[in-house]
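[1] Starting from these lines, generate the structure:
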Amino acid sequence: ATLRRDGFASLNADEEGGLVITRPFIFDGKGDLFVNADVNRGGELRIAVIDEDTAEELDHFGRDDSVAIYEDATRIAVRWTQRKSLAELKGGYVRFAFHLRTAKLYSFWIE
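    You can find the predicted model right below:
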């Protein structure tokens with residue numbers, strides 16, 4: 001048998017969609033965000049960086065700024081249209097909001 005990386009469990013959303021929000025954490029400013037996801041045909045995954053307290057999307061890191069993910073892979077780099085990295089968020093508390101539609105989210109990490 002072969003298991004995908006971090007493939008023991010997933011958070012799933014159907015065509016109506018779903019939202020997963022992380023706990024707040026201090027971002028150290030190093031690395032990019034990656035996901036292990038399986039996005040089915042017709043689905044998508046978008047990621048927003050949101051404020052710790054208000055849960056409002058940060059400028060240029062919102063859901064609509066996120067480059068949509070439409071693939072099934074164990075290592076997908078997350079990108080935003082107007083930002084090359086998360087470096088400007090260094091030292092601040094942030095949360096990630098994962099917007100899924102017809103998709104499975106297995107894991108995420110910063111590397």
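[2] Might one say that V35 is in contact with D72?
    No: using C-beta atoms under 8 Å, V35 makes no contact with D72, being 11.2 Å away. Yep, even glycine has a C-beta here, placed from its N, CA and C like the rest.
[3] more neighbours, the two?
    V35 (23 against 15; other C-beta atoms under 10 Å).
[4] Can you give me every residue that contacts that one?
    V35 is in contact with L45, I47, I69, I76, V78, F98, L105, Y106, S107, F108, counting by C-beta atoms under 8 Å, 6 or more residues apart in numbering.
[5] next one: phi and psi at the closest residue to E16 other than its chain neighbours?
    Counting by C-beta to C-beta, 6 or more residues apart in numbering, E16 lies nearest to R101, which is 7.7 Å off, once chain neighbours are set aside. For R101, the backbone dihedrals are phi -140, psi 120 (criterion: degrees, to the nearest 10).
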